[in-house]
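*Asks:* coords below, sequence missing:
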C-alpha cells in the first residue's frame, strides 16, 4: 500500500475526526463540508471517500489535502472482489493508514452505515451517525442495508440530521440522542453546537469506562446509561457564586443531576483567581475580599475551603497624601494638620456635616455626613469615574451609608467574618462543584445547547435583559478594564488597595500579595479603569433603570421552571456573601416546593 503523504502527530488531546462517506468530497452536502472544514482549525480531519474499483492488482489509498487542511483519503481496490473481500481489504488498508499516521485518538463520523463492515475492529472515542437529511424509516432502508442500519443505531452516541425530524423514524429507532439542525440555519452556530455535543459524548463514554473498568468491552458500544446521563434535572447558567452554590446544593442535598454552563473558560465567575506567569496568585477581575456577618454563609463556604484571616485596609490618595479610608481620626489629623482626639473629632464631624431633610441622591448621603470638602476630596471624583455619573445623579442606594470613625480603626470592613480562601477562590469552587451529579461545560453559551441537551428546570444567573432578548431595551451596566502588571520588587505600595479619587484615569490599584499572604520576590498589581462598555459588573441604580428592570422581573416571575439568581439576574449590586445568601434562600424555596409537591 502506498500513502502519498504523512502527517505529524498532534500533541493536543482533542480527538481527531475520521469521516466515512459513500460520496466524493466535492459532492458532500455544503453544510457538512463547512462543518468538517472548520474543524481543521482545532484538529486533523480525515474524509474517507467511497472505494474506486480499478484494474490494478493491489489495493491502495490515495491521499490529498484541500485548502482548509482536511485530508481526503480515496481507497482503490481491484475489480471483481466479493463484498467480503472488499471489506477485508479496506480494513487492512485503514489499519495500516491509522498506524502510519498515528491515529489513535479519534471519533468516527459515519455518513454511511456500510462503513461499519470494515471499521468494527477500531476503537473511536465516540461515534456519530450523520443521516444528512431525514432519518431513515424501515420502509426506506434497502434490505441489504437493514442490518448495518440496525447496528449503527446500536453503537452510535449521536445522530445528526440536517432538516426536520421524522417522527415516524424517531419512534422506530428509539435513539436517545437524535439532534436535528435546520437547513437554512447559521452554519457557525450549528458547528459550535455539534462540537459541544461531541465533547459531551466523549466525556460520557469516559465516565462510563471508569465506572465499568472491570468489564471487557468487545469492539465499541454506546454506554447503556448514556440516555440517563444526558437527562439533567437542572441547567444552571453561570459558574460563579450563585450558580455554583445552587449546583452544589441541588446535587449534594437533593440528588439532582445538574449541568452547569458558562461562557467563560473558567469557573468562579468574577471571583476567579489563578497563578500568573511569574507564579503569583492574582484575581483576574479585581480584588475580591470576603467579609460577612452571616454565620450561615461563612459556615457553608467553610465546607469547601480553609481560610486565611484577613482584615482589609485601604488608603486614598488625596492632596498628595495617602490617607486611611474610611475616614477616621488619623485621616482628619493628617489631612488638616491637626491633633484632635476622639471626642474632638466627633465634634469636628458634627460641625462640617450638612444635614438634609430628604436624602435622594448619593451626594445627599455623603454631604449630610461629612460635608462638602471631604465629599469633594474623597468621594466625588471617585464616584464620577466609577459610575460615569456625578453623585448628584445617582440614587442614594449607591452610597447608602458613609462610615466615619472617631478612633484609629483603619479596617475597611467591620464584619464578624473576614477572610480569604487559603488556597484561592478557584480551588474553593472546584471543591464546590466536585460531585458526580454535577457536569460543567465551559466556553458555552447556554443557548447553544438548551434545545439539544435535555433538562427539566433552569437556574439563570446571567443578565436578565439578555435572557428576554432585550425586549424592553438594555439595562445599563458599568464595566471595568483591568490592567495587570508584575513588578520586580517584593512590595509595590504601602497598602493592599489605594484609591485615586481625583487625578488619575484609574480608580484604584490593588497589590494581591497583601490579600493572599503569598511570599514571592516579585509582586503583582492591577489598575482598574471604569468604562461604559464591556463585561457587565455594576448595575446602575437610577429610577429609570429600576423601572425597566421591573418589567423584566414581571416576565421572570411569570415563568415556570426558571429561577433568576444573582447580581445580573436580579439587577442588584450584591457582595459575594449576599450572592451566597440569596442562592441558599432560593435553594430552600425550591426544596420546600418539591417536598410539598411530592406529598
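*Replies:* Good, I have the coordinates. The model shown is predicted, which means the values in this text are computed figures rather than measured ones.
*Asks:* The stretch 351-500 of the chain: strands as residue ranges?
*Replies:* Per DSSP state E, counting those that start in this stretch, the stretch 351-500 of the chain carries strands over the ranges 417-421, 438-441, 455-460, 477-487, 497-499.
*Asks:* ok, which stretches of the stretch 151-300 of the chain are strands?
*Replies:* Under DSSP E, counting those that start in this stretch, the stretch 151-300 of the chain gives strands at 158-162, 178-181, 232-237, 258-261, 273-275, 281-283, 290-292.
*Asks:* can you tell which of the strands of the stretch 351-500 of the chain is closest to residue 101?
*Replies:* Of all the strands of the stretch 351-500 of the chain, strand 438-441 sits nearest to residue 101, with 30.5 Å by Cβ to Cβ. Where C-beta positions appear, they are placed from N, C-alpha and C, glycine not excepted.
*Asks:* List of residues touching the closest one?
*Replies:* Residues from elsewhere that reach strand 438-441, judged by Cβ atoms under 8 Å, 6 or more residues apart in numbering: 196, 199-200, 203, 232, 239, 247-248, 251, 257-262, 267, 433, 449.
*Asks:* Who are the contact partners of the residue nearest to the spatial centre of the chain?
*Replies:* In the chain, the residue lying closest to the centroid (Cα atoms, centre = their mean) is residue 262, at 2.2 Å. Applying Cβ under 8 Å, 6+ apart to residue 262 gives the contacts 237, 238, 239, 240, 243, 269, 440, 441, 442, 444.
*Asks:* Buried ones from the contacts of strand 438-441, can you make that a PyMOL selection?
*Replies:* Buried residues within the contacts of strand 438-441, by 16 or more other Cβ atoms under 10 Å, are selected in PyMOL with:
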select buried, resi 196+199+200+232+239+247+248+251+257+258+259+260+261+262+267+433+449
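*Asks:* so where's the chain shaky on pLDDT?
*Replies:* Across the chain, the ranges flagged by pLDDT under 70 are 1-13, 132-144, 162-174, 182-186, 207-230, 400-401, 593-599.
*Asks:* Burial check on the closest residue to residue 553 other than its chain neighbours, number of neighbours?
*Replies:* Nearest residue to residue 553, sequence neighbours excluded (Cβ to Cβ, 6 or more residues apart in numbering): residue 464, at 7.3 Å. By the criterion of other Cβ atoms under 10 Å, residue 464 has 21 neighbours.
*Asks:* Next one: residue 464 from residue 65, what distance?
*Replies:* Per Cβ to Cβ, to the nearest Å, residue 464 is found 48 Å from residue 65.
*Asks:* which strands and helices sit next to the longest helix seen in the chain?
*Replies:* For the chain, the helix reaching the highest residue count under DSSP state H is reported as helix 187-211. Judged by 3 or more Cβ pairs under 8 Å, 6 or more residues apart in numbering; DSSP states H and E, helix 187-211 is in contact with helix 30-39, strand 158-162, strand 178-181, helix 226-229, strand 438-441, helix 446-449.
*Asks:* Run the chain-centre distance for the fifth one.
*Replies:* In terms of Cα atoms, centre = their mean, to the nearest Å, the centre of strand 438-441 is found 10 Å from the chain centre.
*Asks:* same thing with the first one?
*Replies:* Between the mean C-alpha point of helix 30-39 and the mean C-alpha point of its chain there is a distance of 26 Å (Cα atoms, centre = their mean).
*Asks:* How about the last one?
*Replies:* If you compare the mean C-alpha spot of helix 446-449 with that of the full chain, they lie 12 Å apart, counting by Cα atoms, centre = their mean.
*Asks:* Show residues contacting it.
*Replies:* With Cβ under 8 Å, 6+ apart, helix 446-449 has contacts from 189, 192, 193, 196, 197, 235, 237, 261, 441, 462.
*Asks:* buried sites along the helix or strand harbouring residue 544?
*Replies:* Secondary structure from DSSP states H and E places residue 544 in helix 543-557. Across helix 543-557, burial judged by 16+ other Cβ under 10 Å covers 545, 546, 548, 549, 552, 553, 556.
*Asks:* What is the helix or strand just after that helix packed up against?
*Replies:* Per DSSP H and E, the first helix or strand lying C-terminal to helix 543-557 is strand 562-564. If you count contacts as 3+ Cβ pairs under 8 Å, 6+ apart, strand 562-564 packs onto strand 455-460.
*Asks:* Apply 10 Å and report the result again.
*Replies:* Judged by 3 or more Cβ pairs under 10 Å, 6 or more residues apart in numbering; DSSP states H and E, strand 562-564 is in contact with strand 232-237, helix 241-254, strand 455-460, helix 464-467, helix 543-557, helix 567-570, helix 576-598.
*Asks:* so which of the strands of the stretch 151-300 of the chain is the most packed in?
*Replies:* strand 258-261 (a mean of 26; mean count of other Cβ atoms under 10 Å).
*Asks:* Parallel or antiparallel, which strands does it pair with?
*Replies:* Strand 258-261 has its sheet partners listed here by DSSP bridges as strand 232-237 (parallel), strand 438-441 (parallel).
*Asks:* Just give me how far the first one sits from the chain centre.
*Replies:* Same thing as strand 232-237. 14 Å.
*Asks:* Now do it against helix 576-598, angle only.
*Replies:* Counting by axes from the mean of the first three to the mean of the last three Cα atoms, to 10 degrees, strand 232-237 lies at 150 degrees to helix 576-598.
*Asks:* and the angle for strand 232-237 with helix 241-254?
*Replies:* Following the same axes, to 10 degrees, one obtains 170 degrees for the angle between strand 232-237 and helix 241-254.
*Asks:* Between strand 455-460 and strand 232-237, find me the angle.
*Replies:* Using the same axes, to 10 degrees: strand 232-237 against strand 455-460 is 30 degrees.
*Asks:* Buried residues in stretch 459-468, which are they?
*Replies:* Those would be 459, 460, 461, 462, 463, 464, 465, 466, 467, for stretch 459-468 by 16+ other Cβ under 10 Å.
*Asks:* Pick out the most distant pair among these.
*Replies:* Within these, two members stand farthest from each other by Cβ to Cβ: 459 and 465, at 17.7 Å.
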